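Trainee: got a predicted structure plus its sequence, pasted below:
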Amino acid sequence: TAQVVSRRRLALLASLADALIDVEEPEDILIKAIGVLRDHPDDLADVDLIMSGVPRRAARSLPPAPSAFAHRDLVIDRGGARPVLWLRLAEGSPPRESPVLVAWPSLHVQLDDAYVRFAGLLGAAVTHAFHRAQARQAERQVAILERDMSEALQRSLLTPPVQPGHLQVAVRYQPMAEQATIGGDWYDSFLLPDGCLALVIGDVAGHDRHAAAAMAQIRNLLRGVAATMREPPALVLAGLDVTMRTLAVNTFATAVL
């Protein structure tokens with residue numbers, strides 16, 4: 001009998017891990033975990049999951065005070081008609097903010113050390129899924145923030161072209177792909193000291209914040225070199241190349257001037 005019970009509980013742990021492995025949002029763990037655990041009535045009569053900011057589906061039992069989790073992650077309430085297990089799922093978080101798994105053991109199950117260890121493993125599996133989902137969520141938030149900052153930098157540099165009295169300069173900037181809207185592409189239009197109009201189309205290798213920052217450097221360097229040298233475009237670009245090496249702007253770029 002012990003072997004049968006052990007295999008059954010191992011199968012439940014495996015099913016729970018498989019169901020949570022691809023969860024991207026911490027809130028989605030509520031649906032996934034509850035669905036798997038409620039499908040195994042031999043060990044769990046019912047389960048519930050309490051998360052901060054997520055409405056509870058049922059309020060059949062009030063959770064213990066946060067102080068109960070001060071030195072442990074598992075609290076067993078034997079005071080009612082049926083024992084209840086409370087498992088805190090996020091180690092290191094303040095007890096008041098941690099999600100809590102509530103488990104009602106099946107009537108025929110003995111609440112012995114083996115069952116308590118089994119419940120602890122269930123909580124550990126859900127905890128691991130929470131940490132993984134939270135890490136992925138944080139990575140996405142950082143990526144969005146970096147993308148917004150890079151786009152703001154790029155847009156601040158892609159200013160409207162200068163409009164001399166005898167010419168009209170128009171610009172159309174269209175990325176080839178939605179994922180490549182940020183990078184090192186730039187255009188420029190400015191007047192030189194002798195009144196000539198300089199037109200530039202350039203591209204720094206890469207499609208991230210580093211490419212956008214390098215583009216800002218090279219764009220401004222080219223403006224300064226062109227205004228200072230007052231030479232034909234070929235010599236200006238050669239001067240830009242020397243300036244980049246001198247100032248250790250270690251990136252690859254192409255440009256038409």
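Mentor: All right, it came through fine.

Trainee: part of a strand, is Leu199?
Mentor: Yes. Assessed with DSSP: H, G, I helix; E, B strand; the rest coil, Leu199 lies in a strand.

Trainee: so the closest residue to it other than its chain neighbours versus Val200, what's the distance?
Mentor: Excluding the flanking residues, the one nearest Leu199 by C-beta to C-beta, 6 or more residues apart in numbering is Ser189, at 5.6 Å. (Glycine included, C-beta is placed from N, CA and C.) Separation of Ser189 from Val200 (C-beta to C-beta, to the nearest Å) stands at 7 Å.

Trainee: what about these two, which has more around it?
Mentor: Val200 (21 against 18; other C-beta atoms under 10 Å).

Trainee: might you list the low-confidence residue ranges for the protein?
Mentor: Scanning the chain for pLDDT under 70 picks out 51-71, 90-97, 150, 175-183.

Trainee: show me where it has helices.
Mentor: 2-20, 28-37, 113-157, 209-229, 233-246 (DSSP state H).

Trainee: mean neighbour count and distance to Val75 added to those helices, as JSON lines?
Mentor: Putting the helices of the chain into JSON lines (neighbours: other C-beta atoms under 10 Å; distance: least, C-beta to C-beta, whole Å) gives the following:
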{"stretch": "helix 2-20", "mean neighbour count": "14", "distance to Val75": "21"}
{"stretch": "helix 28-37", "mean neighbour count": "19", "distance to Val75": "18"}
{"stretch": "helix 113-157", "mean neighbour count": "15", "distance to Val75": "11"}
{"stretch": "helix 209-229", "mean neighbour count": "18", "distance to Val75": "46"}
{"stretch": "helix 233-246", "mean neighbour count": "15", "distance to Val75": "64"}
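
Trainee: wait, which of those helices is closest to Tyr173?
Mentor: helix 113-157 (9.6 Å; C-beta to C-beta).

Trainee: and that closest one, what does it pack against?
Mentor: In terms of contacts (3 or more C-beta pairs under 8 Å, 6 or more residues apart in numbering; DSSP states H and E), helix 113-157 is packed against helix 2-20, helix 28-37, strand 74-77, strand 84-88, strand 100-105, helix 209-229.

Trainee: direction included, what does the fourth one pair up with?
Mentor: Within its sheet, and counting by DSSP bridges, strand 84-88 is paired with strand 74-77 (antiparallel), strand 100-105 (antiparallel).

Trainee: buried deepest among those, which one?
Mentor: strand 100-105 (a mean of 22; mean count of other C-beta atoms under 10 Å).

Trainee: let's see that strand as PDB, backbone CA atoms only.
Mentor: Output of strand 100-105 as PDB, limited to C-alpha atoms (Å, rounded to 0.1, in the frame of the first residue of the first chain):
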ATOM      1  CA  VAL A 100      -0.800  30.700   0.300                       C
ATOM      2  CA  LEU A 101      -1.900  27.200  -0.800                       C
ATOM      3  CA  VAL A 102      -4.700  25.800   1.300                       C
ATOM      4  CA  ALA A 103      -5.200  22.000   1.200                       C
ATOM      5  CA  TRP A 104      -7.900  19.900   2.700                       C
ATOM      6  CA  PRO A 105      -6.700  16.200   3.000                       C
END
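
Trainee: which residues touch the most centrally placed residue in the chain?
Mentor: Centroid-nearest residue in the chain, with C-alpha atoms, centre = their mean: Arg140, separated by 1.9 Å. Contact partners of Arg140, counting by C-beta atoms under 8 Å, 6 or more residues apart in numbering, are absent.

Trainee: same question for Arg132.
Mentor: Counted by C-beta under 8 Å, 6+ apart, Arg132 has contacts Val23.

Trainee: what's the answer for the one 4 residues further on, then?
Mentor: Residues counted as contacts of Arg136 (C-beta under 8 Å, 6+ apart) are Glu24.
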